[in-house]
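Engineer: Give the three-dimensional model of this entry:
(one chain, ligands or ions: 2)
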Amino acid sequence: MPADIPSPNQMIAPLETRTDARGHLMIGGCDVVDLAQRFGTPLYILDEATLRAACTQYVEAFKRHYAGDFRVLYASKAWSNLAICAIVHRCGLGIDAVSAGEVHTALRAGVPGELVYLHGNNKSEAEILLAAEVGATVVADNWLDLEILSAISAECPVRVMVRVAPGIDIHTHEYIRTGHLDSKFGFDPSELAAVLAYLARIPSLRAVGLHAHIGSQSFELAPHGDAAQLLLEWYPKALALGLSDFNELNVGGGLGIRYTDDDDPPAIDEWVGTICQAVTRTCNTYNLPLPKLLCEPGRSLVGPACATAYTVGSTKTIPSIRKYFSVDGGMSDNPRPITYKALYTAVVANKMHDGRREKVTVAGKHCESGDVLLRDVELPPLERGDCLVVFSTGAYNCSMASNYNRIPRPAAVLVSDGEATLIVKRESPDDLLRCDCLPERLQT
Ligand SMILES: Cc1ncc(COP(=O)(O)O)c(C=O)c1O
Ligand SMILES: N[C@@H](CCCC[NH3+])C(=O)O
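Structural biologist: Ligands and ions are numbered 1, 2, ... in the order given. Got it, this is the predicted structure:
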């Protein structure tokens with residue numbers, strides 16, 4: 001890949017974003033105004049080149065900074081669907097899954113089971129069994145996982161990693177910090193000696209290493225290196241206990257992305273470089289062989305690759321207070337503003353050459369006062385029918401979408417070299433009723 005391609009997580013818009021002569025926004029060579037008319041709105045528009053560039057930059061960074069074996073996994077919780085799993089797999093990535101649904105999606109997309117890692121703080125027996133049967137690695141989060149794993153492994157040997165909450169804090173929204181001590185995820189470090197001893201007694205559980213993920217949307221580098229070092233300090237103890245397969249280390253994901261101009265995340269290459277240096281240094285100190293190094297980013301892979309197109313509808317002006325415009329989606333296709341007060345950047349796809357600015361607030365259409373996508377942002381004067389586009393919506397938007405107010409979930413298109421292909425169909429009114437059952441006595 002040419003070295004001048006920016007790190008996608010440092011860009012607000014997908015890499016293949018331009019304005020055409022008519023002042024229309026183009027993504028992946030497609031006119032967004034045309035896409036909105038053709039596929040309807042709200043519409044998730046995923047730029048394949050950006051997704052591929054982010055995958056490739058992770059892989060290339062490991063090749064540049066690490067002398068050992070490695071594997072980048074896509075944290076599919078960010079957005080799990082067949083097309084995305086197939087693309088990231090073609091770029092050489094494996095899949096981090098947290099449910100049978102995410103495992104099933106990866107497998108159906110053609111990802112081999114051995115490239116799947118199953119997480120989760122409350123996995124069911126069926127989920128663990130599915131992972132074991134397809135040759136996936138199970139990341140044990142707690143004692144119940146270990147009990148279930150040890151029962152299953154009598155029939156079907158399983159590769160196991162152990163998740164640790166390393167007690168490392170990062171600056172991000174409190175709902176998306178995961179590595180601090182008071183976290184529902186992973187073993188407390190004080191339990192680790194007992195966990196390793198337990199694993200050493202059950203050889204059918206093939207313990208391959210430790211995992212930690214310290215949080216999401218982080219712009220810090222050092223804590224990720226610190227977490228890697230902290231985990232590696234346990235490897236000599238594991239080897240001494242006879243866990244001879246202990247040679248993988250998973251440092252999680254967490255690299256943040258630029259949602260607005262105020263965000264300043266490090267590049268993919270810097271993030272990977274920091275971790276690789278910490279691991280190499282620690283291995284030298286403890287005279288350990290370099291482990292197979294895994295990481296599992298989600299947001300920084302898929303987040304910048306997608307934008308959501310909406311159609312502008314009604315307006316309300318509250319004199320001296322605020323001017324609202326409403327769009328045809330909102331918290332059901334992007335729950336992040338109402339959940340985390342997340343900020344986004346938007347443009348008007350049919351008015352890219354319009355230099356006028358007006359301060360407006362963009363609301364969703366749901367029956368909820370907090371359903372506001374963008375508060376007090378400067379946009380060209382909006383009118384009914386305009387196509388408003390919100391950037392950086394690839395991660396934790398579609399995957400966290402709901403049918404609140406019985407609004408059908410949007411379609412998603414993949415754009416590449418001027419071609420748009422449907423990858424997720426828009427839900428129909430009948431889809432909304434798919435799981436409803438009307439008792440016979442109520443049918444008259
Ligand atoms: C265990 C685990 N791995 C990976 C990720 C992906 O994180 P991100 O999307 O911030 O890269 C998460 C989400 O925070 C996670 O909980
Ligand atoms: N859903 C969160 C990220 C959670 C990461 C998973 N542990 C967000 O939208 O920012």
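Engineer: can you count the residues close to residue 314?
Structural biologist: By the criterion of other CB atoms under 10 Å, residue 314 has 11 neighbours. In short, each C-beta sits where N, CA and C put it, glycine included.
Engineer: Contacts only, for it.
Structural biologist: Residue 314 is in contact with 325-326, 384, counting by CB atoms under 8 Å, 6 or more residues apart in numbering.
Engineer: That one: which element?
Structural biologist: Assessed by DSSP states H and E, residue 314 sits inside strand 306-318.
Engineer: now the nearest residue to residue 19 once chain neighbours are set aside, what's its secondary structure?
Structural biologist: In this structure, residue 19 finds its nearest non-sequential neighbour in residue 352, 4.2 Å apart by CB to CB, 6 or more residues apart in numbering. Three-state assignment for residue 352 (DSSP: H, G, I helix; E, B strand; the rest coil): coil.
Engineer: Mind pulling the model confidence for residue 352?
Structural biologist: Looking at residue 352, its pLDDT is 98.
Engineer: Next, see if the lowest-mean-pLDDT helix or strand in the chain gets close to ligand 1.
Structural biologist: When the helices and strands of the chain are compared on mean pLDDT, DSSP states H and E, helix 222-232 comes out lowest with a mean of 92. No. Contact of helix 222-232 with ligand 1 is not found when judged by CB under 6 Å from any ligand atom; the minimum separation is 10.7 Å.
Engineer: and residue 279, what element?
Structural biologist: Following DSSP H and E, one finds residue 279 within helix 268-286.
Engineer: Flag every buried residue along that helix.
Structural biologist: Using 16 or more other CB atoms under 10 Å as the test for burial, helix 268-286 gives 268-269, 271-276, 278-280, 282-283.
Engineer: which helices and strands does it pack with?
Structural biologist: The helices and strands touching helix 268-286, judged by 3 or more CB pairs under 8 Å, 6 or more residues apart in numbering; DSSP states H and E, are helix 48-65, helix 222-232, strand 292-295.
Engineer: Contacts for that helix, please.
Structural biologist: Contact partners of helix 268-286, identified using CB under 8 Å, 6+ apart, comprise 7-9, 54, 57-58, 60-62, 64-68, 221-222, 224-226, 228-229, 232-233, 235-236, 249, 251, 255, 288-291, 293, 295, 300.
Engineer: Out of those residues, which are close to ligand 2?
Structural biologist: Of the contacts of helix 268-286, not one also sits near ligand 2 (CB under 6 Å from any ligand atom).
Engineer: Buried ones among the residues you listed?
Structural biologist: Buried, going by 16+ other CB under 10 Å: 7-9, 54, 57-58, 61-62, 65-66, 68, 221, 224-226, 228-229, 232, 235, 249, 251, 255, 288, 290-291, 293, 295, 300, out of the contacts of helix 268-286.
Engineer: now residue 135, what's its secondary structure?
Structural biologist: The three-state label given to residue 135 by three-state DSSP is coil.
Engineer: and the gap between it and residue 248?
Structural biologist: 15 Å (CB to CB, to the nearest Å).
Engineer: okay, those two: which has more neighbours?
Structural biologist: More crowded of residue 135 and residue 248, by other CB under 10 Å: residue 248, with 21 against 15.
Engineer: per-residue confidence for that one?
Structural biologist: 98.
Engineer: gap between the closest residue to it other than its chain neighbours and residue 142?
Structural biologist: Nearest residue to residue 248, sequence neighbours excluded (CB to CB, 6+ apart): residue 209, at 3.6 Å. From residue 209 across to residue 142, the span is 17 Å (CB to CB).
Engineer: Who has more neighbours out of these two?
Structural biologist: Using other CB under 10 Å as the criterion, residue 209 and residue 142 rank with residue 209 on top: 26 against 19.
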